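Chemist: what would the 3D arrangement of this be:
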Amino acid sequence: IVVNIDYLTIDYQSSEKMEPGQVLCIVSVVDGKTGQRLWPYDQLNKTYTIHGKLDHDSPVKLTNSRIIHDLAQETATQLAKLFYLHKAD
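Modeler: Residues are numbered from 1 along each chain as shown. Next comes the predicted model:
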């Protein structure tokens, strides 16, 4: 599984247009031996924008570390769901 992080933002400013953490991931699956792309079949990769679960009104103090930790957890959860059967949230 190849995950390229194309864009990452951490924002402390209150804004209606942006959560404290966002990441743009470009995902594909490549055969490690041959280098052949296995997924997606119809394009070079899939692009996913993932937002952290924290918001500007969160009761926890927003810090770089907390936002990045939250964003990493949410990214792992969302991308893992691409590769196994799961119930919808």
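Chemist: what's the end-to-end length of stretch 26-40?
Modeler: Distance between the boundary residues of stretch 26-40 (CA to CA, to the nearest Å) amounts to 11 Å.
Chemist: so where's the chain uncertain?
Modeler: 12-19, 56-60, 86-89 (pLDDT under 70).
Chemist: nearest residue to the middle of it?
Modeler: residue 75 (3.4 Å; CA atoms, centre = their mean).
Chemist: dump the helix or strand hosting that residue to CSV, restricted to CA.
Modeler: Take DSSP states H and E as the rule and residue 75 turns out to sit in helix 64-80. Written as CSV, here are the backbone C-alpha positions of helix 64-80 (Å, rounded to 0.1, in the frame of the first residue of the first chain):
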residue,chain,number,x,y,z
ASN,A,64,0.4,20.7,17.2
SER,A,65,1.1,17.4,18.8
ARG,A,66,-2.6,16.8,19.7
ILE,A,67,-3.9,17.8,16.2
ILE,A,68,-1.3,15.6,14.4
HIS,A,69,-2.0,12.6,16.7
ASP,A,70,-5.8,13.0,16.1
LEU,A,71,-5.2,13.4,12.3
ALA,A,72,-2.9,10.4,12.2
GLN,A,73,-5.5,8.2,14.0
GLU,A,74,-8.3,9.4,11.7
THR,A,75,-6.2,8.9,8.6
ALA,A,76,-5.2,5.3,9.6
THR,A,77,-8.9,4.5,10.4
GLN,A,78,-10.2,5.9,7.1
LEU,A,79,-7.6,4.3,4.9
ALA,A,80,-7.7,0.9,6.6
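Chemist: understood, closing this out.
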